[in-house]
Structures are given as structure tokens and as C-alpha cells.
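1. The sequence isn't on hand, but the structure is:
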DNA sequence: GGCGGATAGTTAGCCGCCTAACGATAAAAG
DNA sequence: CTTTTATCGTTAGGCGGCTAACTATCCGCC
């Protein structure tokens, strides 16, 4: 997981102090923001350390899950392949990155890569039996780790949490381009 | 920002459905978890896209901030250098990574790197005037972006948010080793 | 003073992410 | 039918993260 701004979270009082020097700094916003970055980081680590034991990175896991989900979605026991572009779309990385991930997964015998039957520009990526078995081995503990991390939260807290997180996601989805923000179009929008 | 499990967040009903097949899957925990991962990702993107305009990566920004914070902390106008190990500790990456980051920052004229006066094993990394000016130029918009993302949340929501995030962080900090979790020591602890 | 263990920063190699560019292919336009 | 535009997966190169190993240095102990 890449670097966060700084490892130790500043106390609110420090942010308040800093806001005197930087008028653009909203102390409570910064506090939430930094806690969010940090928590996301930690959440990632909790599951990633388990995946690593299976020689699976989060990136590879995403590809495997997308393929596996596609089998389930198809409601069929037979594999339903995806193209690299579809994998890229579902996993949120570029097609170029998918090439590398599929390279290593193919080498490990977890996926197949064959020319697409309908379009010669495309490849067809499918989950092997070994890939499916690897996933089946990983998923129980994967889900347990998620549950473990969230255990201190009771159901109502979880609902609140999701609601707040969704507000952030909605806001982020409305992200105008950076240049617009800097030129003050944002204040006109607000 | 690296890959999340899958780009599109599953609806709660899907998680409920999946929990029938996977007894280890706690639907509400998974929902919060995935929302958290995703929100952390988006928060990262909001500030990172701005930094990129200044040719600064999040990693570099962290180093600069640590150096700048050290100046401030020292309450002195003169620069107060840090060692690579101190930078690594404050920014949460390895010393090896710091070497690379400092390499590029030094090339850009934003930091100085000199032998340490007291210990010949160490280097001394300091912020240049140019580095400080670059930071001063970046920080207003950086803080504005944080504030922008959190704007939909009112003060009480922010306090709740920080409380919930802190619970997660506390839990993550109590993370026993992975092997212990898998062997069931966790259930004995709970 | 000498030895052993610890620490520091760097290097090499790997991985995963990106962008830009490319050749091959498909689709659209005229 | 031909030309132009769009799409695909891959490649090359860069960056930032990691681990392991290395040489140089420091420190504690005998």
C-alpha cells in the first residue's frame, strides 16, 4: 500500500493550530480525511497480508475474483471468460496492467489466455480449475479478516459508517477536473 | 493508488446472497470494509491528482512534509534535517524506498543530502528553500481538496466518522500475526 | 585493543501501477 | 471498395513500493 502523507495521525489540536497559518485548512475535514486514508490503508493491509501467504497479490486477487464472479453471474458451472479490457474495467486498472497480471497468473496456471473467438484483436481470459481451487482456499479466511476488522462495530454503527462513506464516494464521483477547482469554479458551484 | 478488489461495490443484497455460500462472509462487515477501501482510494486520488500537477508524488510529498514539519516542530527558521531512517519511520515506508525518493527529490533541488555530522553511517536530509517554496505553493490547494471532499459532512457527522475510523484503526493495531489468526487463536481472544 | 552484534544507507531485483506508442483488427464513413 | 477512425492487447519506459543482501560504521563487551 503506498505511502500516506505521514504515518502518525496529527491530533485535532495540531490541525487547529495549523489552520491559523493556513486559512485553507479546515481542521475537522483534515482530521476525517487523514483518518480515512489511514484506515483504508490498514484495511488493505489486513487482507493483503493473508493473500501474500498464497502468493497472490491484491491485483491478482482482483482478476481472479472478476473471473470467478463472472462464472457465478453466468449461473453456469463452465467457465465464462473475460477479455483483458473487461478485466481492466471491472478491476479499475489499465489494460496495460492487466497484461502483466495475466502474464503472472497464466504462468502460475491460474488462468487461461486464448484468442477471442469473435474478434481477433482480443484475447479471452478464463479461470482454470486450479485458479478456482486457489480462490476457494483463500476466500474463507479473506472474509474472516474483513469480519475481524469490523467486529468492534455494532450493526447500527456499520449502517452509519456506510452512509458516511457513501457521502464521500458520492462527493468524489462529482469531482470536477482539477483545473476547474483551482480556478475557483468550485466556489461558484458550491 | 493500487487496485481494490473490484471497482464496483456490490449491493448489500449480493453480499447477503453470497453469505449463504460462504459462512465466513459477514455481509455488513464486508459492506463496510469494501466501502472503506473504496473511499480511501478515492480520497487518495483527490489529493494525488493535484500533487501530480506539481510533479510531486504522494511519496515525495510525504518526505517533504516530514522535513517541513520538522522545521516547524523545531520552532526555528533554520532547516532541521532528518536521517533517511527517520524519514522512513515518519512516512511509513522502508529505508530502501526513502533512498529512491530522496534521489529524485535531490535531483529536483528540493532536498539536500549530506553526510551526517555525528555518525558516518548516516546521511542528513534537509529541505531546500526551493523545497519549502514548492510546499508553500502546494499546501493551500491540498487542504482545499481535503475540505472539498468532506464538505457534505456536517460537524457531528465528522466526529462520528472519526470515532468509527478510530475503532477500525484500534482494531487494526491489535492485529495479531496472520498465522495466529488462522490457527484459531483469535477466537480464543475474542 | 579486538571481536561480535547491531545499525545505516544503498543496491539489485521483483512487482504492480501508470502513460504513450505501436501494429493488428474492426467498424464507420464516403 | 477504399479510406479513415476507433479499439484491442502488448511493449517500453518510468516510478514507487517491497525484500534481501551488502559494505561501512558504530557500540558494547571482554
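-> It's in. None of these values were measured; they are calculated from a predicted model. Residues are numbered from 1 along each chain as shown, chains lettered A, B, ... in the order given.

2. Pull the contacting residues for the closest residue to residue A:159 other than its chain neighbours.
-> The shortest distance from residue A:159 to any non-neighbouring residue, by Cβ to Cβ, 6 or more residues apart in numbering or on different chains, is to residue B:28 (7.7 Å). In this view, the C-beta of every residue, glycine as well, is placed from N, C-alpha and C. Residue B:28 makes contact with A:150, A:155, A:158-159, B:12, B:15 under the criterion Cβ atoms under 8 Å, 6 or more residues apart in numbering or on different chains.

3. can we see that at 10 Å?
-> By Cβ atoms under 10 Å, 6 or more residues apart in numbering or on different chains, the residues touching residue B:28 are A:147, A:150, A:153-155, A:157-159, A:161-162, B:12, B:15-16, B:19.

4. low-confidence ranges in chain A?
-> Counting by pLDDT under 70, chain A has low-confidence residues at A:1-7, A:71-79, A:175-190.

5. The residue of chain A found nearest chain B and residue A:126, how far apart?
-> Using Cβ to the nearest Cβ, the closest approach of chain A to chain B is made by residue A:40 at 1.8 Å. According to Cβ to Cβ, to the nearest Å, residue A:40 and residue A:126 sit 32 Å apart.

6. neighbour-wise, which of the two wins?
-> Each of residue A:40 and residue A:126 has its neighbours counted (other Cβ atoms under 10 Å in any protein chain shown); residue A:40 has more, 27 against 17.

7. Isn't the more buried one up against residue B:165?
-> Yes - using Cβ atoms under 10 Å, residue A:40 is in contact with residue B:165, at 9.3 Å.

8. Return the nearest residue of chain A with respect to DNA strand C.
-> DNA strand C sits closest to residue A:59 of chain A, with a gap of 2.4 Å, by Cβ to the nearest atom of the strand.

9. is it fair to say that residue lies in a strand?
-> No - counting by DSSP: H, G, I helix; E, B strand; the rest coil, one finds residue A:59 to be helix, located in no strand.

10. Return the distance of it relative to residue B:64.
-> From residue A:59 to residue B:64 the distance is 28 Å (Cβ to Cβ).

11. where along chain A do the helices fall?
-> Assigned by DSSP state H, chain A shows helices spanning A:12-21, A:27-53, A:58-74, A:84-91, A:95-107, A:129-150, A:155-173, A:178-182, A:185-189.

12. who wins for proximity to residue B:139 among those helices?
-> Taking Cβ to Cβ, helix A:12-21 is the member of the helices of chain A nearest to residue B:139, at 9.5 Å.

13. Can you list the buried residues in that closest one?
-> A:15, A:18-19 (16 or more other Cβ atoms under 10 Å in any protein chain shown).
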